[in-house]
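[1] Okay, structure incoming, though there's no sequence with it:
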């Protein structure tokens, strides 16, 4: 399905649902790069939505690694499972439920992605700090300014180093009757850091 090793699978290759969010391909490529994944790693994708991060991460950690995709939305879990099947992946487990309750049941992680959390990002980051191995990476995609502030404060108070904040603003081309125009997408801020 996707034969390239580089991240950034085109959005149109994923099954989609307008009620389930997807991390857009350019943002996804940056997030995957910030996690510094390699074969054999254990990865969480919290707030997996359509499963695009899970799919990309599973390809990076290869068959020797595994990804645990968590979402509290039944539609998101169903869509993630569809995309796993579409990309013929067997190293992703999909978990329906509240991440705050499910994280403690998972094995320790080498990398953790945090996306849509329904406003619980701060608490989820705190829980993840206990499950992340020393030297492990956490990558958090943020849209709201209030979430950005709260996550930065939390990261400062926990055992994280090498904190990097990257904001991505993307314009995508669209053909019109008279030419090509650029349409802006919402900016996304990515916080990534390493556990000491």
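    Structure received. Predicted model, so just to flag it, every value in this text is computed and none were measured.

[2] alpha carbons only for contacts and neighbour counts from here, please
    Will do.

[3] So which bits of stretch 176-188 are buried?
    Neighbour counts over stretch 176-188 (16 or more other Cα atoms under 10 Å) mark residue 188 as buried.

[4] Check the offset of that stretch from the chain's centre.
    For stretch 176-188, the gap between its own C-alpha mean and the chain's C-alpha mean amounts to 25 Å (Cα atoms, centre = their mean, to the nearest Å).

[5] Check stretch 95-107 too.
    How far stretch 95-107 lies from its chain's middle: 16 Å, per Cα atoms, centre = their mean.

[6] Give me the average confidence score over it.
    The predicted model assigns stretch 95-107 a mean pLDDT of 96.

[7] start to end distance for it?
    In terms of Cα to Cα, to the nearest Å, the two terminal residues of stretch 95-107 are separated by 13 Å.

[8] what comes into contact with the longest strand along the chain?
    With residue count as the measure and DSSP state E as the assignment, the chain has strand 132-142 as its longest strand. Surrounding strand 132-142, the residues in contact under the criterion Cα atoms under 8 Å, 6 or more residues apart in numbering are 31, 34-36, 108-115, 148, 188-196.

[9] Can you name the element that comes right after that strand?
    helix 145-157 (DSSP states H and E).

[10] In the helix or strand just after that following helix, which residues are buried?
    The element immediately downstream of helix 145-157 (helix or strand, assigned by DSSP H and E) is strand 160-168. For strand 160-168, the buried set under the neighbour-count rule, 16+ other Cα under 10 Å, comprises residue 160.
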